[in-house]
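>>> I would like to see how this sequence folds:
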Amino acid sequence: MKKNFLIYILSFAFLALTGCEGVKETSTPVSSEVNIYGKAPLFVLPDFEGDIVSLEDMIGKKIILLNFHTLNCPYCLTMLPGLNELYENYKGEMEIVSVYIDESGPRLKSFVKKRDIRYYVLLDSKQQVAYQYGILGVPSLFVLDLEGEIRYLGHDSKKAEEVMKKLIDAAS
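I've put the predicted structure just below:
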């Protein structure tokens, strides 16, 4: 167990320091059907203000785009304007939840305010949720349907958006 955990930590550190994008696409291209990869692991994390947020409380209300980021990931930074736009366009039908791995509250608070992020931004300072989801590189994206099933996992924000739109259309 300790050996696996050490391998995970070393892999994460290597990917975080060498340019992110270590996650390989694990879904097939979006077709007329949307894939199911099982139930999303539930978690409770604080946001950058210290308020507690539960994934379980969101499931069943809206489609969820769950993404894992770090502040030092250039790919993650380039996604932020698109995530803000996506949130504004679909905020009545979907929720965006960004989980920042190994960050501190004050540093993340400043980051969120500076970039005018309007969706959930959570702290996974001990990397427990990242470990639950098997995150080995960032950005990592998961689209969850209304039942909490993972319908997309990977790092391609355009594919994640396609899946999300199909789920929103199906729910309408």
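>>> Backbone dihedrals for the nearest residue to Ile36 once chain neighbours are set aside, please?
Distance criterion C-beta to C-beta, 6 or more residues apart in numbering; nearest residue to Ile36, sequence neighbours excluded, is Glu149 at 5.0 Å. The way it works is simple: take the backbone N, C-alpha and C, and place the C-beta from them, glycine included. When read as degrees, to the nearest 10, the backbone of Glu149 gives phi -80, psi 140.
>>> cool, Leu66 as well?
Here is the backbone geometry of Leu66 (degrees, to the nearest 10): phi -100, psi 130.
>>> any idea of the mean pLDDT in stretch 75-92?
Mean per-residue pLDDT for stretch 75-92: 93.
>>> likewise stretch 156-165?
For stretch 156-165, mean pLDDT is 94.
>>> Restricting to C-alpha, output it in CSV.
Only the C-alpha atoms of stretch 156-165 are listed here, as CSV (Å, rounded to 0.1, in the frame of the first residue of the first chain):
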residue,chain,number,x,y,z
ASP,A,156,-10.3,17.1,-23.9
SER,A,157,-12.6,20.0,-22.9
LYS,A,158,-14.4,20.1,-26.3
LYS,A,159,-15.3,16.4,-26.0
ALA,A,160,-16.5,16.9,-22.5
GLU,A,161,-18.6,19.8,-23.6
GLU,A,162,-20.2,17.7,-26.4
VAL,A,163,-21.1,15.0,-23.9
MET,A,164,-22.5,17.5,-21.5
LYS,A,165,-24.7,19.1,-24.2
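>>> Pull out the buried residues from that stretch.
157, 159-165 (16 or more other C-beta atoms under 10 Å).
>>> does the spatially most central residue of the chain sit in a helix, a strand or a coil?
Centroid check for the chain by C-alpha atoms, centre = their mean gives Asn67 as the closest residue, at 1.1 Å. Put simply, Asn67 is strand when judged by DSSP: H, G, I helix; E, B strand; the rest coil.
>>> Skipping its backbone neighbours, what lies nearest it in space?
Leu141 is the one closest to Asn67 (C-beta to C-beta, 6+ apart), at 4.9 Å.
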